[in-house]
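Engineer: Quick check, what structure comes out for this input:
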Amino acid sequence: MRSVTLKLPSLPRLPRLTWVALGVAGFAIAVAAFLLWHLRREALDIQARELGLLSLALTDDLERGLRGAEAGLHAISEELREHSATLMGPEAAAALQTRAHLMPLVQTLWLVDRNGHELSASDTTPAPDRSSFQPVLDRLPERALAVSRPFVEPGSKQPLVALAYRFSNSQGSAEGWILAALPAPALLGAFSAAAPASDARMAVFRDDGVRLAGSIVANPRLDEATVAQRLAVMRGMEVRKFHDGSERLVSFHALQRYGLSVVLTRDLQAVLAPWQQAAGLAAAGTVILLAILVMAVHLVQRANVRRVEAQRALHAQRARASKLESLGTLAGGVAHDFNNLLASIIGFGELAQDSAPPGSDQARQLDKVMRAALRGKALSERILAFSRGGARTSTVFELEPVVNEVLALLRGSLRPGIVLERTLEASGGRVRGDPTQAFEAIMNLCTNAMQAMPEGGTVSVQLTRVRVETTRVLSHSRLGPGSYLALSVADEGRGISPAVMERLFEPFFTTREAHSGTGLGLAVVHGVVAEFGGAIDVQSKSGHGARFTIYFPESTEAQGAPAPAPALAPRGAGQSLLVVDDEPALVALAEEMLEGLGYEAIGFSDSVEALHAVRAQPERFAAVITDEVMPRLNGTQFTEQLRTVAPSVPVLLVSGYGGALLAARAAAVGVTRVLAKPLQRADLAHALADLLR
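Structural biologist: Take a look at the predicted model:
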């Protein structure tokens, strides 16, 4: 029997910051709870002390009153013992009335015999039933008091409580009890004036559970025996729940001599009202702090996510830039060698065309060779544009007219279903670079957008001014602070997948069918943008189209004058020209071509030997034509040393690879002009005419 192990899905791990926040929140809640508990305990302790002190004071006041009444009753008992007072008749009633007036708490006095018959009284109020007293009167010891249940005076309906004290004469012929009626509210003393709050309550109970006075009402479902039992276990200060559902703070003091208990209570909610307000504020403050903490954690986590995403984007952008730079270096090197081959083909082809009879098969064949060579030259120029190695002119021009020129050309060749929209809002915006390169880059983007929508759609072209304050990380480059002209081209095609996005600007990479493109369009765009010192950003989702945005640094320089139309180049007048190239075939080609243009050409395939020739005859050469990439001394190094011998000789530097960096390096050493390989005879003739003018 095979055992099966179930693998439960693991729970997502919380970030460390979340655990820290939970710990801080838990600690804050624990501290707040402890402080609130401590404040509650302090509030209860303070109220308990205040209630206890008041209860003790009221108990002492009641005890003093009862002792005074007891002393008065004892005095009456002593008078009866000595026969100084009569038991019956008007004389006895008057004596009791006088005594009642002298005793502060006593309202009525009675003399009752052992059988409960009234002997005399200070007024007409009927005496209470002797069975209502506690302890029982028959067992009341000498010099002790018994307390009755509350009873009501018939006339005023005022609740009264009676005290009983035993008396007897010296002969023992007369025995009974002296009864003294007290107003029941008098047992509460000064409570009404000394009550700490309106919720305070006071009551006086007998030990058997009978309530003598006060506003505290026991549960009516409890009998007096149960109340007495609860009073017996009550000690000091405690919190009790009453029959109405309220919780009250209870203070208890017992008068054991008289079998009474004094109970003071306060409503627990009223006692804790200040604490509850403080607790509410503390809870609100804690909730606010927790909300702030949660928000802070959320914001920090979002910032961390954005930081991680930015780091990933930067890493991807650096990887893409490094990859494209490596490809550009490789492409530039290949293009340089390719240009050397094309230079020989184009140069000797032009010489061969001169000697071919017009209309002959040889002339037609040479024309085909030249057309193929010129297509190769155009392809090489596109590769060099990607590698930023071409020798290009640089001028200041307005970008919006170039965009308009591209759009006007495209409108004449739109496929059915393609709509071209434009929003150009950068009138007068100028950039520095080669207008032809800008035209080619914009044309490639628009053509690429239209080809991304084989079933039709809208191509949106937008040109705006953008001010960048801080460095931005784009999809394929970084955009530094400054002012830019932002050109965006958006389509409604199927979008770009992440795999294609990684190789988007690689030369010769294409997703189209065979023979439908060279794969150099976007590579040229990338090279042109880099040549302008700008940046490029691509935003796309599969199925939602793509938006290409290129940023051209805006120039504040004045716009350059348009280049004059090329005129027929004049022939040379036999001037001696020095030609330096490490390819002997190209040296031979240059010599033959220059002689055909009316110059005397002296060629060298070694730059050091050429430098020795100049040093030997510094006045012989009217100009120098040199290649850049050569062993021993390259073209710029050769020019730098040449200037020490012939500082005023014009130098024409020819290279198939270099770009803006080569132009800057050449200008620093004194190169007069830079031309790109492969050269056609007309280009060389115009350049020499300008140098020797």
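Engineer: helices or strands next to the helix or strand hosting residue 410 in the packing?
Structural biologist: Using DSSP states H and E, residue 410 sits within helix 399-411. Counting by 3 or more CB pairs under 8 Å, 6 or more residues apart in numbering; DSSP states H and E, the packing neighbours recorded for helix 399-411 are strand 418-424, helix 435-451, strand 457-468, strand 482-491. (C-beta placed from N, C-alpha, C; glycine too.)
Engineer: And these: which comes nearest residue 117?
Structural biologist: strand 457-468 (117.0 Å; CB to CB).
Engineer: What lies in contact with that closest one?
Structural biologist: 399-400, 403, 407, 417-426, 429, 446, 449-450, 453, 479-493, 545, 551, 554 (CB atoms under 8 Å, 6 or more residues apart in numbering).
Engineer: And these, which of them are buried?
Structural biologist: Buried residues within the contacts of strand 457-468, counting neighbours by 16 or more other CB atoms under 10 Å: 399-400, 403, 407, 418, 424, 426, 429, 446, 449-450, 453, 479, 484-493, 545, 551, 554.
Engineer: chain center to the helix or strand hosting residue 527, what's the gap?
Structural biologist: Residue 527 belongs to helix 521-531 when assigned by DSSP H and E. Its chain's C-alpha centre and that of helix 521-531 lie 38 Å apart, by CA atoms, centre = their mean, to the nearest Å.
Engineer: what's downstream of it, the next helix or strand?
Structural biologist: For helix 521-531, the following helix or strand on the C-terminal side (DSSP H and E) is strand 535-540.
Engineer: okay, and for the stretch 301-450 of the chain, where does confidence drop off?
Structural biologist: Along the stretch 301-450 of the chain, the model assigns pLDDT under 70 to residues 310, 313-314, 316-344, 346-351, 353-354, 363, 365-366, 368, 370-394.
Engineer: which residues does residue 177 bridge with?
Structural biologist: Assessed by DSSP bridges, residue 177 has beta-bridge partners residue 112, residue 166.
Engineer: quick one: it and residue 112 touch, right?
Structural biologist: Yes. Checked against CB atoms under 8 Å, the pair residue 177 and residue 112 is within contact range at 5.1 Å.
Engineer: More neighbours: which of the two?
Structural biologist: Set residue 177 next to residue 112 and count neighbours by other CB atoms under 10 Å: residue 177 wins out with 26 against 21.
Engineer: Contacts only, for that one.
Structural biologist: Residues near residue 177 by CB under 8 Å, 6+ apart: 111, 112, 130, 137, 140, 146, 164, 165, 166, 167.
Engineer: Excluding chain neighbours, what is closest to the fourth one?
Structural biologist: In space, and not counting its chain neighbours, residue 137 is closest to residue 130: 5.0 Å by CB to CB, 6 or more residues apart in numbering.
Engineer: What is the burial count for that neighbour?
Structural biologist: Residue 130 has 20 neighbours, counted by other CB under 10 Å.
Engineer: Check whether residue 300 sits in a helix, strand or coil.
Structural biologist: What DSSP: H, G, I helix; E, B strand; the rest coil gives for residue 300 is helix.
Engineer: if I look at it, how far off is residue 306?
Structural biologist: Per CB to CB, to the nearest Å, residue 300 is found 11 Å from residue 306.
Engineer: ok, now residue 602?
Structural biologist: Distance, residue 602 to residue 306, using CB to CB: 66 Å.
Engineer: the more surrounded of the two?
Structural biologist: residue 602 (18 against 10).
Engineer: For the more buried one, which non-adjacent residue is closest in space?
Structural biologist: In this structure, residue 602 finds its nearest non-sequential neighbour in residue 578, 5.7 Å apart by CB to CB, 6+ apart.
Engineer: now swap in residue 468 and tell me
Structural biologist: Nearest one to residue 468, counting by CB to CB, 6+ apart, is residue 481 at 5.3 Å.
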